[in-house]
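Enquirer: Sequence first, then the predicted structure:
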Amino acid sequence: MIEASSSAASDRIKKAIRDIPDFPKPGINFKDITTILSDLNLFRLAINTMVEPFGKKKVDYVLGIDARGFIFGGAMAYNLACGFIPARKPGKLPYRSISVQYDLEYGSNTICIHEDAFARGKRILIVDDVLATGGTANAAAELVEKLGGEVVALTFLVELGFLKGREKVHRYPIHSLVTFD
Ligand code: AMP
């Protein structure tokens, strides 16, 4: 399925994303993307549009962020004919891993990848569903660089522009299909 313009694709997908106020806690307006996943046309449109900028670039691996980044990242890796690397929460990966801890508004989070996930110099595309404050994406980029990889770009289905996450990862190319200002 080829869409004539990515802005038409973006409009269709934006309309279908569902807001869940006060989830998982009061004050958070959660962007529910399961409405995209369950609609075969929208899911295919999202993946086809997200891979479009990378079709002619060399990408060795897609790195997807736990957990919704696995859904988009897995489909993108298949589409780009490259490998997939899961960046997981602590205690989930079976083999020896490296980790990066990052601050949240309250407390902190950690994400991990296997220490042999890829060889030095490989080109990695980082994927997640939502760019919010940018802490998670920034930690994923740090993990890639710790192993000597090169971050091709960071790509998201949704960017919450008002949280200015883009500023935290401004040193990389950033792509987002839908932006909420
Ligand atoms: P951040 O590190 O603040 O950029 O948060 C990004 C991570 O948290 C992503 O893995 C998202 O899945 C999730 N996330 C943060 N805010 C939201 C939101 N409003 N709706 C859905 N997911 C969110």
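Expert: Ah, there it is. Numbering: from 1, shown residues only.
Enquirer: quick one: residue 42 and residue 14 touch, right?
Expert: No. The criterion here is Cβ atoms under 8 Å, and residue 42 misses it with residue 14 at 10.6 Å. In this view, the C-beta of every residue, glycine as well, is placed from N, C-alpha and C.
Enquirer: Can you check my assumption that residue 125 lies in a helix?
Expert: No. Counting by DSSP: H, G, I helix; E, B strand; the rest coil, residue 125 is not part of a helix but strand.
Enquirer: If it is in a bridge, with which residues?
Expert: Beta-bridge partners recorded for residue 125 (DSSP bridges): residue 62, residue 153.
Enquirer: Now for it: which residues touch it?
Expert: 54, 59, 61, 62, 63, 76, 80, 152, 153, 155 (Cβ atoms under 8 Å, 6 or more residues apart in numbering).
Enquirer: ok, residue 42 and residue 14, which is more surrounded?
Expert: residue 42 (19 against 13; other Cβ atoms under 10 Å).
Enquirer: secondary structure element for the most centrally placed residue in the chain?
Expert: Per Cα atoms, centre = their mean, the C-alpha nearest to the average position across the chain is that of residue 128, at 1.6 Å. Per DSSP states H and E, residue 128 falls inside strand 123-131.
Enquirer: Is the ligand within reach of that strand?
Expert: Yes. Strand 123-131 lies within reach of the ligand by Cβ under 6 Å from any ligand atom, at 128, 129, 130, 131.
Enquirer: Farthest-apart pair in the residues you listed, please.
Expert: For the residues of strand 123-131 next to the ligand, the maximum inter-member distance is 8.9 Å, found between 129 and 131 (Cβ to Cβ).
Enquirer: Mind listing the shared neighbours of the two?
Expert: What both residue 129 and residue 131 touch, as defined by Cβ under 8 Å, 6+ apart, is the set 156, 158.
Enquirer: higher neighbour count, these two?
Expert: Per other Cβ under 10 Å, whichever of residue 129 and residue 131 has more neighbours is residue 131, with 26 against 22.
Enquirer: If that one is in a bridge, with which residues?
Expert: Going by DSSP bridges, residue 131 forms beta bridges with residue 159.
Enquirer: okay, it: pLDDT?
Expert: Residue 131 carries a pLDDT value of 97.
Enquirer: next one: residue 110
Expert: Reading off the model, residue 110 has pLDDT 98.
Enquirer: from what I can see it touches residue 92, true?
Expert: No. With contact defined as Cβ under 8 Å, residue 110 does not reach residue 92; the gap is 10.9 Å.
Enquirer: Mutual contacts of the two, please.
Expert: With Cβ under 8 Å, 6+ apart, residue 110 and residue 92 have no common neighbours.
Enquirer: What parts of the chain come near the ligand?
Expert: 28-31, 65, 68, 128-137, 160, 165.
Enquirer: List only those of these flagged as buried.
Expert: 31, 65, 68, 128-137, 160, 165 (16 or more other Cβ atoms under 10 Å).
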